[in-house]
Every structure is written in structure tokens, then in C-alpha cells.
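from the sequence below, what's the structure:
(one chain, ligands or ions: 2)
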Amino acid sequence: MKRCERCGLNRQERFYSGPRGRICTTCQKRSRSEAHHRRRVGKIYGLDIGEYDALFLAQNGACAICEGTRKQRLSVDHDHRDGVVRGLLCRMCNGRLLTAARDRPEVLRAAAEYLERPPAIDVIGYRYAAPEANNGRQRRKR
Ligand SMILES: [Zn+2]
Ligand SMILES: [Zn+2]
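Ligands and ions are numbered 1, 2, ... in the order given. Reported below is the predicted structural model:
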């Protein structure tokens, strides 16, 4: 028997997804449900009923930045300074890309320019990192 951290019930192991599961499958299902999600985005982001869906539809069900579509729900992205909801993003763009850029458009523009015109090529020409620095990906062909 194990105590669910969400509902507090003592339940048998089979009600958990694995030995490390801390929330019972009933609670897992509930938190994945549409109704729960609607209440949550309403409470946290002030979205009215249907507004998440309207955003989702307007963005063709894809992340507003990378256009990725994942099985996971898109996150509601908001401006951390004034709380204004900006749009729906995948977890990578919301949690990593914007965080790394500290929400600064000029950093992201500079990053795009950097990738399109890597400054090292102008200075030293083409130098290639050893394959192990490449994580097994192909080097670019020119
Ligand atoms: Zn539970
Ligand atoms: Zn994305």
C-alpha cells in the first residue's frame, strides 16, 4: 500500500504507474482530463471557457514559435513582468528557448543571425569539431 500524494488515499501498488509513481492513476487521469485543464488555465491565466481552444485553433494546434505539435498540451505562455498571456508554446520553447533568451526579442534576433552567419567562418574559415563534439550528427556539407 502506498499513499497518493494528490488524493491522500492509501492504495495498492497496482494503482500506480510504477514503483516510483507518487500519484495514483485515478488522479493522473483526472489531471489529464479536459475539465481539469480548463479549470486550471482559467484559474492561473484568467482564460475564459473556450479561450484556450480558440488560441489552440488559431495556432493550428502547434507551438507559436517552432510550430511543433506534440502529444503534450501546449503551455500557456505569459509575460512574467505584467502577466499578459502571449500565446501557446511547447515546453521547449516556453521553458528553454524564452528562458535562455530572458524574454528579450533582441537576443533571439541575434541568435538567428548568429546561426545564419556564424562569425567564426569569416575569421578562420571552416573548422570542424571532432565527431564526439557533434553527438553523432552529420557535419554540414559544403
Ligand atoms: Zn490519488
Ligand atoms: Zn516550440
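
SS state for Gln28?
At Gln28 the chain is in helix, as set by DSSP: H, G, I helix; E, B strand; the rest coil.

show me the contacts for it.
Ser17 (C-beta atoms under 8 Å, 6 or more residues apart in numbering). Where C-beta positions appear, they are placed from N, C-alpha and C, glycine not excepted.

show me what whichever strand or helix holds Gly42 packs onto, helices and strands only.
In the assignment (DSSP states H and E), Gly42 maps to helix 34-45. Applying 3 or more C-beta pairs under 8 Å, 6 or more residues apart in numbering; DSSP states H and E, we find helix 34-45 packed against helix 51-58, strand 75-78.

show me what counts as buried in the helix or strand in which Glu113 is found.
For Glu113, the host element (DSSP H and E) is helix 105-116. Residues of helix 105-116 classed as buried by neighbour count (16 or more other C-beta atoms under 10 Å): Leu108.

could you pull up the mean pLDDT of that helix?
On average, the pLDDT along helix 105-116 is 97.

got the contact list for it?
Leu97, Ala101.

report whether that helix contacts ligand 2.
No: if you take C-beta under 5 Å from the ion as the test, helix 105-116 misses ligand 2, and the best it gets is 12.6 Å.

point out the most buried one among the helices and strands packed on helix 34-45.
The highest average neighbour count among the helices and strands packed on helix 34-45, using mean count of other C-beta atoms under 10 Å, belongs to strand 75-78 at a mean of 19.

what about it, distance to the chain center?
Here strand 75-78 is found 9 Å from its chain centre; the criterion is C-alpha atoms, centre = their mean, to the nearest Å.

C-terminal to that strand, what's the next element?
The helix or strand immediately downstream of strand 75-78 is strand 85-89, counting by DSSP H and E.

in this structure, what spans have low per-residue confidence?
Scanning the chain for pLDDT under 70 picks out the ranges 134-142.

spell out which parts of this protein neighbour ligand 1.
Residues of the chain lying near ligand 1 (C-beta under 5 Å from the ion): Cys4, Arg6, Cys7, Cys24, Cys27.
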